[in-house]
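**Student:** this one's sequence-less:
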């Protein structure tokens, strides 16, 4: 075992050498996020006001995409250099299961809403893991080229599977999650039965069979920026991606693209604090979380990016986009107009079935 | 063999010029006729155009102007591999990835010769160069002299009538070089092949060749058998380039009955053999060191003598080499045979030196 | 000398010590000094190369988590017969309750759940859910535990989860390796996975074949370029060399993305072909998100690794060899093929080994332009390292890949000879 920790140290120093010193310096903390526009929105909504208030210097690290693996490596090496990490809910659950993230009690360690509603109640059922503080609700949904769909723009997610009415390529994420749900929905399975069906061998096969009907027409993406680019280039007629990415294609780049919103699948993104921090670093991380997830802060983030705040109490506070000046509420996935038909990612289900279904999906994909 | 050395032109260069950059000529108006069976050496300092000529003959360079003919046929537009000319390269160019036998067999294979005949030819040619048991070795396992033999054998194995050799002995030590000179000459004579040999070593040229073409500045300065070249150099470049040579500068005063009266720069008058000068021309007089005599008894009656001062005496075994100051030239050398009655001069001695008028050649200055 | 050889005893140095010993002493100092000189490199290689590989080999068989987390249960399960078709009895459940109590304190039960979930779908939530309940359980009063656990989740009452625990209770397992070759541990040892889960053998094969195609493309494209480089005058050769190296100075992602712009259906090449009328607008060529795209992009990226060794080997082949061959009667092609080419083979060998091994390990480019048919085994390794956290499987896949590379290297040595590889003069 000694030998293993030694190699792990070697591996982590190679991975994380640049941050190794930073975290030990008293008034600095390293916050890990996704980079790009999303990190920028956090910088303006959370980091800058927090630094102003406390004088703590915040170091950004755009490593969220590899956060789970890196945290595990750091943990094995006994040298965790990150203080707060932004991850999607599924990753947070995995980290929590692996003992890599600390549990946080919403009632004592998070700020209550201005009207006194407890944080637990304010976040409600979005608290999907003991280690995870949700920050935004985003959705994976479809966008389509308004100039390539003829006179009848699609209104249902099942247009994706209708290559007669909407010929051309469509882009889907190169993984099973979300795709199999949509496949079953469009194959006649009722929304509430989707996960029960998916739990069976036959149901999994049914989903893959449905996807097989459009397999030749799909470009599979692995980076969130792919679909917006493919739409902008006219390579695909429709494609799935995160709603914020589509917002910037439509509103910032003015491309002939529109949102489908139908059967959008809600997912959560939020914070975790790595397990095994020193008491003072842990205290500072908790202080930051308490600040950054209060009602006003969450509402502020929506000024910079079109993701919905995870607190119920934040929704009424959502205002206009800081640069574009447009009203942000209609662009939120949670807006009633957009959320007529939604689907909530089932975390428990995927924690169990991800390995299995993903293996089958990838085998199917390579055939 | 002797009868094949007729006057029929086998290799001909006619008004050949070569320029690489379109501005300067490397070879200027080359004319050369070689009969079959001749061993001709192109001798000259580096950059004189001799290698370029060889490469044009081999086909690796094309003449900018003029005609090169082989056995009466113009070969200007024939690619090298169809010329059937054997070639020995400076560093042998033995193919390192093939054995000796494979190297020798290569020209036969590309000529689609049958296996048994190939093997026999390879065996014969190996025997000819006395390398019979080395067929299975790689070139890197052979000594320089052995590689040289194989390179020669490879150029001969396909029975080329014309063999070109580009400084083939340059990489060998002196002793081996002398031995190989003899070997090459012997094989060439035995086979009756025509050889064009390029070297910058005049001893090599003198000992091996039927004729030597001395190159300088893109031209053949003189084309003659070795003895004629040495004894009757046609101009001062050849005189300087071939063998040791003393020079005295002066002006041709008059020419009478094939004898030129030359006034040297210090006023002294001597008789000389006019080669390529006329009355009133500046001339450079050339006298071979061994043709200079200081013993009055041995000089012909009426020979012009010139005052000289002994500067240095060197004992060289078979000869004595004495450096003199003659007519202002203090690099004037005489060579005398170490005979029992020979006088050994001492530095500082004042003597008079003389020579036959025909040994004193008045050349261009 | 003659004196010394006449002695029958050992040779002595001038001071009377045996010569061997004084020589050894003199050499030891030299050796120590030489070792000190290379020590930094040695340590560096050990820490960054040897240890990680050893760690990978270890992880591919390591499986201590089950017996570390459930030590009592594992012992109790020894008496249970998986063929009985029923869940084990109360003693096993009692042991499980004790183990879980400790595991929940250490929060290691969910970790075990994640591990077992690779083999048994549902284990993750089973352990997470059970953990919450066990926390409130009283070991002294809550017996019998069998019913309690079955109350928590009926999966505890079925033999499947117990079979999995028993199967994976040894400290070392071949499970990851079986998984890597599309097999699994069944009731009677190893068995093939169902058709719809087989992927790795196919990916290994595809990786090998595509890497070979890429290597061959690199040879075909790189050879003429290297030849021109080696035969141009210095100044032009240097300029061309900069062009060859240019891709090295551009980020991998930029280059790969540039290929997307070139090759996609609305891309530059298709636009040009349509404009020229060679391709109909509704029949644009599909050149990306498939194997073709991967081969094109990877050949482009790896081409310098072929050209550089080829160039440095070709530079050492004097042009006189070609002249000699021609003077011996060989035409251009024969002279090249029989004389020049064999001498450039060491460069091809070195370049091919470089390109092949690099392409086997590539995953970013196949991920971006490979679509479904152009992905490599490395993409799955990357997935298991960073997404599924199944590091054991990733390690097993990596170990197999390493073994395949070593095997190919060995074959190359047998066929071509490793001495026949040159990176330069």
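**Tutor:** Received, thanks. These figures come from a predicted structure and were not determined experimentally. Residues are numbered from 1 along each chain as shown, chains lettered A, B, ... in the order given.
**Student:** Which positions within stretch C:221-230 qualify as buried?
**Tutor:** By 16 or more other C-beta atoms under 10 Å in any protein chain shown, the buried positions in stretch C:221-230 come out as C:222-223, C:225-227, C:229-230. Using the backbone N, CA and C atoms, a C-beta is placed for each residue, glycine as well.
**Student:** And for that stretch, what's in contact with it?
**Tutor:** Applying C-beta atoms under 8 Å, 6 or more residues apart in numbering or on different chains, the contact partners of stretch C:221-230 are C:237, C:240-241, C:244, C:299, C:303, C:306-307, C:310-311, C:314-315, C:317, C:344, C:347-348, C:351.
**Student:** who does the longest helix anywhere in chain A touch, helix- and strand-wise?
**Tutor:** Secondary structure of chain A read by DSSP state H shows that its longest helix is helix A:347-365. Here helix A:347-365 touches helix A:89-97, helix A:179-185, helix A:194-198, helix A:201-212, helix C:109-117, helix C:123-135, going by 3 or more C-beta pairs under 8 Å, 6 or more residues apart in numbering or on different chains; DSSP states H and E.
**Student:** who wins for proximity to residue C:333 among the ones you listed?
**Tutor:** Of all these, it is helix A:201-212 that lies closest to residue C:333, at 50.8 Å by C-beta to C-beta.
**Student:** Can you show me the helices along chain B?
**Tutor:** Ranges of helices in chain B, per DSSP H, are B:50-58, B:100-109, B:115-128, B:144-156, B:174-191, B:202-208, B:226-231, B:236-241.
**Student:** now the second one, how far from the chain's geometric center?
**Tutor:** For helix B:100-109, the distance from its own C-alpha centre to the chain's C-alpha centre is 31 Å (C-alpha atoms, centre = their mean, to the nearest Å).
**Student:** Repeat that for stretch A:172-189.
**Tutor:** Chain-centre distance of stretch A:172-189: 18 Å, with C-alpha atoms, centre = their mean.
**Student:** For that stretch, buried residues please.
**Tutor:** Residues A:172-187, A:189 are the ones in stretch A:172-189 that count as buried (16+ other C-beta under 10 Å).
**Student:** the strands in chain A, which residues?
**Tutor:** Secondary structure of chain A, counting by DSSP state E: strands at A:28-32, A:57-61, A:84-88, A:133-145, A:170-173, A:218-221, A:238-242, A:257-259, A:264-272, A:308-309, A:342-344.
**Student:** With chain C instead?
**Tutor:** Per DSSP E, chain C carries strands over the ranges C:183-186, C:189-192.
**Student:** other SSEs contacting the last one?
**Tutor:** Contact here means 3+ C-beta pairs under 8 Å, 6+ apart; on that basis strand C:189-192 packs against strand C:183-186.
**Student:** Which positions within the strand it packs on qualify as buried?
**Tutor:** By neighbour count with 16+ other C-beta under 10 Å, strand C:183-186 contains the buried residues C:183-185.
**Student:** Next: stretch A:253-264.
**Tutor:** In terms of neighbour count (16+ other C-beta under 10 Å), stretch A:253-264 has its buried residues at A:255, A:257-264.
**Student:** which pair in those spans the largest distance?
**Tutor:** A:255 and A:263 (22.5 Å).
**Student:** re the thing from before, using TSV, lay out the helices of chain B together with distance to chain C and mean pLDDT.
**Tutor:** As requested, the helices of chain B are exported to TSV (distance: least, C-beta to the nearest C-beta, whole Å; pLDDT from 0 to 100):
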stretch	distance to chain C	mean pLDDT
helix B:50-58	6	93
helix B:100-109	4	95
helix B:115-128	13	94
helix B:144-156	7	92
helix B:174-191	17	91
helix B:202-208	21	91
helix B:226-231	27	92
helix B:236-241	27	91
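**Student:** circling back: any chance of the strands of chain A in JSON lines, plus distance to residue C:266 and mean pLDDT?
**Tutor:** Listed next are these as JSON lines, based on distance: least, C-beta to C-beta, whole Å; pLDDT from 0 to 100:
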{"stretch": "strand A:28-32", "distance to residue C:266": "36", "mean pLDDT": "94"}
{"stretch": "strand A:57-61", "distance to residue C:266": "35", "mean pLDDT": "94"}
{"stretch": "strand A:84-88", "distance to residue C:266": "31", "mean pLDDT": "96"}
{"stretch": "strand A:133-145", "distance to residue C:266": "11", "mean pLDDT": "95"}
{"stretch": "strand A:170-173", "distance to residue C:266": "13", "mean pLDDT": "96"}
{"stretch": "strand A:218-221", "distance to residue C:266": "12", "mean pLDDT": "93"}
{"stretch": "strand A:238-242", "distance to residue C:266": "14", "mean pLDDT": "95"}
{"stretch": "strand A:257-259", "distance to residue C:266": "15", "mean pLDDT": "95"}
{"stretch": "strand A:264-272", "distance to residue C:266": "27", "mean pLDDT": "95"}
{"stretch": "strand A:308-309", "distance to residue C:266": "33", "mean pLDDT": "92"}
{"stretch": "strand A:342-344", "distance to residue C:266": "31", "mean pLDDT": "88"}
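**Student:** Which one of these lies nearest to residue A:330?
**Tutor:** Using C-beta to C-beta as the measure, strand A:257-259 is the one of the strands of chain A that comes nearest residue A:330, at 10.2 Å.
**Student:** Let me see the domain layout of the chain.
**Tutor:** Just so you know, I chose chain A. A:2-137+A:269-331, A:139-267+A:341-365 (automatic domain parsing).
**Student:** I was after chain C.
**Tutor:** Split by automatic domain parsing, chain C gives C:16-59, C:65-173, C:200-420.
**Student:** What of chain B?
**Tutor:** If you go by automatic domain parsing, chain B breaks into B:2-236, B:244-364.
**Student:** Of these, flag the one that's most buried.
**Tutor:** Highest mean neighbour count of the domains of chain B: domain B:2-236, a mean of 18 (counted as mean count of other C-beta atoms under 10 Å in any protein chain shown).
**Student:** if we can go back for a sec, check the contacts of stretch C:221-230 for burial and list the buried ones.
**Tutor:** For the contacts of stretch C:221-230, a burial check counting by 16+ other C-beta under 10 Å picks out C:237, C:240-241, C:244, C:299, C:303, C:306-307, C:310-311, C:314-315, C:317, C:344, C:347-348, C:351.
**Student:** Least reliable of the domains of chain A by average pLDDT, please.
**Tutor:** Lowest mean pLDDT within the domains of chain A: domain A:2-137+A:269-331, a mean of 87.
**Student:** pLDDT weak spots in chain C?
**Tutor:** Within chain C, the ranges that satisfy pLDDT under 70 run C:1-10, C:423-425.
**Student:** Show me where the stretch 1-150 of chain B has its strands.
**Tutor:** B:9-18, B:27-35, B:39-43, B:65-70, B:73-74, B:85-88 (DSSP state E, counting those that start in this stretch).
**Student:** Return the residues in contact with residue B:312.
**Tutor:** Listed by C-beta under 8 Å, 6+ apart, the contact partners of residue B:312 are B:322-323, B:347.
**Student:** same question, residue C:363
**Tutor:** Listed by C-beta under 8 Å, 6+ apart, the contact set of residue C:363 reads C:375-376, C:378-379, C:381-382.
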